[in-house]
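A.B. asks: Need the 3D shape of this:
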Amino acid sequence: MAKRVYQVWKGSNKFILGGRLIFGPDARSLLVTLLLIIAPVIVFCVFVAWHLRHEFPSYNAGYAILVVAIVFTIYVLVLLFLTSARDPGIIPRNSHPPEEEFRYDSSVSVDVSGRPGSGNVGGRQTPSLQFPRTKEVMVNGIPVRVKYCDTCMLYRPPRCSHCSICNNCVERFDHHCPWVGQCIGQCNYRYFFMFVSSATLLCIYVFSISALYIKILMDDHQGTVWKAMKESPVSVILMAYCFISLWFVGGLTGFHMYLIGTNQTTYENFRYRADNRINVYNRGCVNNFLEVFCSEVKPSRNNFRAFVEEEVQRPPPLPTAREAEPDDSGGDQRSKVEDDLDIGEDLLKISQRHNIEEIDEDIRSRGSNGPHNASEADSVLGSDHRAPIIRADARHSSWGRSESWEIAPDVLANENVTESRSHVTAQDACQ
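C.D. replies: Below is the predicted model of the structure:
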């Protein structure tokens, strides 16, 4: 049975509902975030908002406080869900490296046994496959260097980074947030900022209404603040909790407003802060805010419910003759000596063949004196002792394994080498 994409996903993400929802590997921390939001709101509704429902001139006006708290909390939870349960902008992995970026480095070679740097004598060395680690692309007329990702086998687009927690390359990577259990990227950054800012407003709302309840208690009992606090200690706890939370979510909201206004990501701000490099993405404060809040959210590049198509494995392209040619100057010296010895042996055979042909001509000239000498010459020529024949496929040198070996025409001319099917050796001719 064919599997779906989410079932064979190589990242560290977790999927539920058949791949319809995607979370990070630390999705359990999302339960802690839910508890930190829902628990204080429930306490607020029970011990504060419920007692304020009849404390205003309009008898039922106090119910609005309770309704606003519940509706606003649901709104915050929806934003949290949209942030943590959707694709943050994961770039699909490649099944093989980009072929157009192949290059071969002859300085790093591998022998025939597949062991790098092997010292086997006469071993054939081939250049290793290399990739340029970086390349430059143009962004707003300024060159920007992008890196190659070995895990995803692709060149990361500008502002993309590989999340070590989710094990994915995320487009416009901002950071990995453990409180939402998901990476924050191009597809969910808007919802993340709205979640953080809404949580800030919820903290301010709970803090303000709790303080209002303390004030009402002071007026009803005509007492001091301490008596009112003793009357409703829950309100004091909620005020303290909201005050501490405001330092986190409120500070995070202010920081991301600064990032949006300057068109930066958290990753870029922390990594390139000391470089003083030009921000090529800054379009002005107003346009930067419009880009985040008024532009269309890009859809996911992944269809996690699609069926996986088996791809035929393609071998990497072979190096060209110029790239694959080994460097003789840096090769094994022992292999070169063996090649020289083999060439010397071949030249010696050519010389012996040349002497044999001279003896053969002498015998044939004597054979014209009588039939006895001719028959003797024929018997000698028909003997099984033959001179070795030069063959390109009988060589065993390392050079012979790499390319065919042929005798140069000038050597043939100087040595007067001719083809024949049978030759006599010098010893047989003397006999």
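
A.B. asks: How about residues contacting the helix or strand harbouring residue 146?
C.D. replies: Residue 146 belongs to strand 142-149 when elements are defined using DSSP states H and E. When contacts are defined by CB atoms under 8 Å, 6 or more residues apart in numbering, strand 142-149 is touched by residues 101, 131-138, 154-158, 160, 162, 169, 278, 280. C-beta: built from backbone N, CA, C; applies to glycine.

A.B. asks: Likewise for stretch 191-204?
C.D. replies: Stretch 191-204 has contacts (CB under 8 Å, 6+ apart) with 37, 41, 72-73, 75-76, 79-80, 82-83, 86, 174, 177, 180, 184, 242, 245-246, 249-250, 252-253, 256, 260, 292.

A.B. asks: Kindly write the ChimeraX command that selects the buried subset of these.
C.D. replies: To isolate the buried ones among the contacts of stretch 191-204 in ChimeraX, judged by 16 or more other CB atoms under 10 Å, type:
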select :37,41,72,73,76,79,80,82,83,86,174,177,180,184,242,245,246,249,250,252,253,256,260
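
A.B. asks: buried set for stretch 20-30?
C.D. replies: In stretch 20-30, counting by 16+ other CB under 10 Å, buried: 21-24, 26-27, 29-30.

A.B. asks: Tell me if I'm right that residue 175 and residue 267 touch.
C.D. replies: Yes: using CB atoms under 8 Å, residue 175 is in contact with residue 267, at 6.1 Å.

A.B. asks: any idea how far residue 253 is from residue 200?
C.D. replies: 5 Å (CB to CB, to the nearest Å).

A.B. asks: residues near residue 148, how many?
C.D. replies: 17 (other CB atoms under 10 Å).

A.B. asks: Relative to residue 163, how far out is it?
C.D. replies: Plainly put, residue 148 is 17 Å away from residue 163 if you go by CB to CB.

A.B. asks: Please save the CA atoms from the strand holding residue 146 in CSV.
C.D. replies: Output of strand 142-149 as CSV, limited to C-alpha atoms (Å, rounded to 0.1, in the frame of the first residue of the first chain):
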residue,chain,number,x,y,z
ILE,A,142,22.8,43.6,-3.8
PRO,A,143,24.6,40.2,-3.9
VAL,A,144,23.6,37.9,-1.0
ARG,A,145,25.5,34.7,-0.2
VAL,A,146,23.4,31.6,0.3
LYS,A,147,24.6,28.3,1.8
TYR,A,148,24.2,24.7,0.7
CYS,A,149,22.3,22.4,3.1
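
A.B. asks: So which residues of this structure form helices?
C.D. replies: Taking DSSP state H, the helices of the chain run over residues 29-47, 63-84, 189-221, 225-231, 233-245, 251-262, 266-271, 285-293, 321-324, 333-367, 371-381, 398-402, 409-415, 426-430.

A.B. asks: so who does residue 77 touch?
C.D. replies: Applying CB under 8 Å, 6+ apart, we find residue 77 in contact with 34, 37-38.

A.B. asks: my bad, residue 36
C.D. replies: Residues near residue 36 by CB under 8 Å, 6+ apart: residue 245.

A.B. asks: how close does it get to residue 42?
C.D. replies: Noted for residue 36: a distance of 12 Å to residue 42, by CB to CB.

A.B. asks: same check, this time on residue 18
C.D. replies: Counting by CB to CB, the gap from residue 18 to residue 42 is 32 Å.

A.B. asks: now residue 252
C.D. replies: 24 Å.

A.B. asks: Same question for residue 147.
C.D. replies: 47 Å.

A.B. asks: still on that earlier bit, ok, of the helices of the chain, where does mean pLDDT dip lowest?
C.D. replies: Mean pLDDT per stretch puts helix 398-402 lowest among those, at a mean of 37.

A.B. asks: Please name the spatially closest residue to residue 26 (chain neighbours excluded).
C.D. replies: Leaving aside its chain neighbours, residue 26 sits nearest to residue 181 (4.9 Å; criterion: CB to CB, 6 or more residues apart in numbering).

A.B. asks: pretty sure that neighbour contacts residue 32?
C.D. replies: No: using CB under 8 Å, residue 181 is not in contact with residue 32; the gap is 9.4 Å.

A.B. asks: which of these two has more neighbours?
C.D. replies: More crowded of residue 181 and residue 32, by other CB under 10 Å: residue 181, with 25 against 12.

A.B. asks: quick one: contacts for that one?
C.D. replies: 23-24, 26-30, 84.

A.B. asks: Please apply the same query to residue 15.
C.D. replies: Residue 15 touches 6, 9, 21-23, 304, counting by CB under 8 Å, 6+ apart.

A.B. asks: Quick one: mean pLDDT over stretch 17-25.
C.D. replies: When pLDDT is averaged over stretch 17-25, the result is 91.

A.B. asks: Pull out the C-alpha coordinates of it and format them as PDB.
C.D. replies: Taking C-alpha atoms only, stretch 17-25 is exported to PDB below (Å, rounded to 0.1, in the frame of the first residue of the first chain):
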ATOM      1  CA  LEU A  17      -5.400  13.800  12.000                       C
ATOM      2  CA  GLY A  18      -3.700  12.000   9.100                       C
ATOM      3  CA  GLY A  19      -1.200  14.700   8.300                       C
ATOM      4  CA  ARG A  20      -3.600  17.600   8.500                       C
ATOM      5  CA  LEU A  21      -1.900  19.100  11.400                       C
ATOM      6  CA  ILE A  22       1.900  19.400  11.800                       C
ATOM      7  CA  PHE A  23       3.700  20.200  15.100                       C
ATOM      8  CA  GLY A  24       7.300  20.400  16.200                       C
ATOM      9  CA  PRO A  25       9.000  17.600  18.100                       C
END
